[in-house]
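A.B. asks: Sequence and computational prediction follow.
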Number of protein chains: 2
Amino acid sequence: MTTSRTLYSLCGSDSSRPFSPHCWKTVLSLAHKGLDFEERPLPFTVIPTVEDGFSRTVPILRDGDQLVSDSFEIALYLDEAYPERPSLFNGEGGKAMARFVESWSQTQLHPAITRIAVLDIHNMLDEPDRLYFRDSRTKALGRPLEDVVANRQAEIAAFPALLAPIRRMLSFQPFIGGTSPLFADYIVFGALQWARITTGADLFSENDPVRDWFEGCLDLHDARGRSVTAA
Amino acid sequence: MTTSRTLYSLCGSDSSRPFSPHCWKTVLSLAHKGLDFEERPLPFTVIPTVEDGFSRTVPILRDGDQLVSDSFEIALYLDEAYPERPSLFNGEGGKAMARFVESWSQTQLHPAITRIAVLDIHNMLDEPDRLYFRDSRTKALGRPLEDVVANRQAEIAAFPALLAPIRRMLSFQPFIGGTSPLFADYIVFGALQWARITTGADLFSENDPVRDWFEGCLDLHDARGRSVTAA
């Protein structure tokens, strides 16, 4: 039996450069489970038109007759649907604490990357998406995108300090998941991969163990993360 | 068989007010496992004299003929030695990610609490400990303790923002451990309990769900955390 498995992700004008942090989490989740899939990167404004408007955001996973959105929900779904394949959480404690890792990434890394990358992202988009993106982000951030990135260099310089929890953890173990990566690693990888693809900024410190961890994540699963080059 | 179980912890001049964050993690870990123990709070300068100088830091757990130091090592030990009692990690993923929670707490919460509480802690100590503490902390922090706390009010005002990852996580689940607390909760509880006992500062925002979580942790295991009142 062949399962038709489609991952709807996000792209700008160049569909070969999907950049969404959440979609990258799911790309590595599927690779982690050893599941084939076709990735279909969509512009922002096309997302509400696929799968009968199932979700306003990507990732959306179509797995046979199942339809799931949200990277965390998809990871939970994959572990439940394919329990015989490598787990993304390694137990209930890991499932619970992955939510803390997500919350840390969303509240600490994502806002900072937004302040660095938001105009770069805008400039990667086609015209209809540019209008949508500029409008929605200007409202969400409370100021013009050009103002948001006004302190871009200072934000880049301050970024390595944000990675302190990962840096300290790496003195104990090679992955957030322990001896090998779990979904929690893909969560943080997704944020940094988003930055890598949309900006040219170096967000690590000199000789940063977090850089080594990130490079190691780029190498995982046949170097899937390297299928898109850095900006 | 009665096992003689002793937890060496930390106190100032008042031995009824043990305040070490790491020792509080272990107090709740032992309570979580339902294990009786005698707590022996020690001044800083007495620690190297107990158990033949086994460890320069507390917590130290004497469990029959076993001797273990470091709150994380003790939690791992307890789960291994008493596998039939409630787990502190709920699986290998939880064990790995608890190290991330610890790293977050150590790099984000502890330095801020130090900048708020270091002089309060000093003033809780007896004379020999005051000399040791002032000297070691002045060296570690690179400036006099009075300078460290010079921006105390601003640090207190900025503290609720540091709790953003916990706050967001609480919109998904009641504990870092998921539906019930695990060692990861005790890690963060330990930091805030340390602040509660040593300072009078309110470190939460108005109507803060993190405050409710913390109060819930104070209530756990026969309200063990409330056995010492707030400063």
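C.D. replies: Looks like it came in fine. Numbers count the residues shown, from 1 in each chain, chains lettered A, B, ... in the order given.

A.B. asks: tell me the contacts of A:Ala161?
C.D. replies: Residues counted as contacts of A:Ala161 (CB atoms under 8 Å, 6 or more residues apart in numbering or on different chains): none. Backbone N, C-alpha and C define where each C-beta goes, glycine included.

A.B. asks: That one should be in a helix, yeah?
C.D. replies: Yes. The assignment for A:Ala161 is a helix, going by DSSP: H, G, I helix; E, B strand; the rest coil.

A.B. asks: Mind listing what's buried along stretch A:159-168?
C.D. replies: Residues of stretch A:159-168 classed as buried by neighbour count (16 or more other CB atoms under 10 Å in any protein chain shown): A:Phe159, A:Pro160, A:Leu162, A:Leu163, A:Ala164, A:Pro165, A:Ile166, A:Arg167, A:Arg168.

A.B. asks: typo on my end, it should be stretch A:166-182
C.D. replies: Within stretch A:166-182, the residues scored as buried using 16+ other CB under 10 Å are A:Ile166, A:Arg167, A:Arg168, A:Met169, A:Leu170, A:Pro174, A:Phe175, A:Ile176, A:Gly177, A:Gly178, A:Pro181, A:Leu182.

A.B. asks: ok, back up a step: and the buried residues of stretch A:159-168 as a markdown table, adding distance to chain B?
C.D. replies: Listed next are these as a markdown table, based on distance: CB to the nearest CB, whole Å:
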| residue | distance to chain B |
| --- | --- |
| A:Phe159 | 15 |
| A:Pro160 | 12 |
| A:Leu162 | 10 |
| A:Leu163 | 9 |
| A:Ala164 | 4 |
| A:Pro165 | 4 |
| A:Ile166 | 7 |
| A:Arg167 | 8 |
| A:Arg168 | 4 |
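
A.B. asks: For these, could you give me TSV that also reports pLDDT?
C.D. replies: Shown next, in TSV, are the buried residues of stretch A:159-168 (pLDDT from 0 to 100):
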residue	pLDDT
A:Phe159	98
A:Pro160	98
A:Leu162	98
A:Leu163	98
A:Ala164	98
A:Pro165	98
A:Ile166	98
A:Arg167	98
A:Arg168	98
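
A.B. asks: Looking at those, spot the one nearest A:Ala230.
C.D. replies: A:Phe159 (15.4 Å; CB to CB).

A.B. asks: Tell me the residues of chain A that contact chain B?
C.D. replies: A:87, A:89-104, A:106-108, A:164-169, A:172-173, A:175-179, A:182, A:184 (CB under 8 Å from any CB of the partner chain).

A.B. asks: Can you tell me which of these end up in strands?
C.D. replies: Using DSSP state E, no member of these falls within strands.

A.B. asks: I'd like the buried residues of stretch A:159-168 written out as TSV, with distance to A:Asp36 added.
C.D. replies: Written out in TSV, the entries for the buried residues of stretch A:159-168 read as follows (distance: CB to CB, whole Å):
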residue	distance to A:Asp36
A:Phe159	35
A:Pro160	37
A:Leu162	35
A:Leu163	33
A:Ala164	38
A:Pro165	34
A:Ile166	31
A:Arg167	35
A:Arg168	37
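
A.B. asks: what's the closest of those to B:Gly142?
C.D. replies: Checking these against B:Gly142 with CB to CB, the nearest one is A:Ala164 at 17.6 Å.

A.B. asks: List the contacts of the closest one.
C.D. replies: Shown here is A:Ala164, whose contacts under the criterion CB under 8 Å, 6+ apart are B:Ser103, B:Thr107, B:Gln108.

A.B. asks: from memory the second one sits against A:Leu162, does it?
C.D. replies: When you say that, I think you mean B:Thr107. No. Because the distance of 9.9 Å does not satisfy CB atoms under 8 Å, B:Thr107 is recorded as not touching A:Leu162.

A.B. asks: Return the distance of the residue lying closest to A:Leu42 once chain neighbours are set aside relative to chain B.
C.D. replies: Excluding the flanking residues, the one nearest A:Leu42 by CB to CB, 6 or more residues apart in numbering or on different chains is A:Tyr8, at 5.8 Å. Here the criterion is CB to the nearest CB, to the nearest Å. By it, A:Tyr8 lies 24 Å from chain B.

A.B. asks: A:Tyr8 looks like it's in a strand, true?
C.D. replies: Yes. Counting by three-state DSSP, A:Tyr8 is part of a strand.

A.B. asks: Hmm, it is touching A:Ile60, no?
C.D. replies: Yes. Contact status for A:Tyr8 versus A:Ile60: in contact at 4.2 Å, counting by CB under 8 Å.

A.B. asks: Listing request: residues of chain A with sub-threshold pLDDT.
C.D. replies: When the per-residue scores of chain A are filtered using pLDDT under 70, the ranges that remain are A:1-3.
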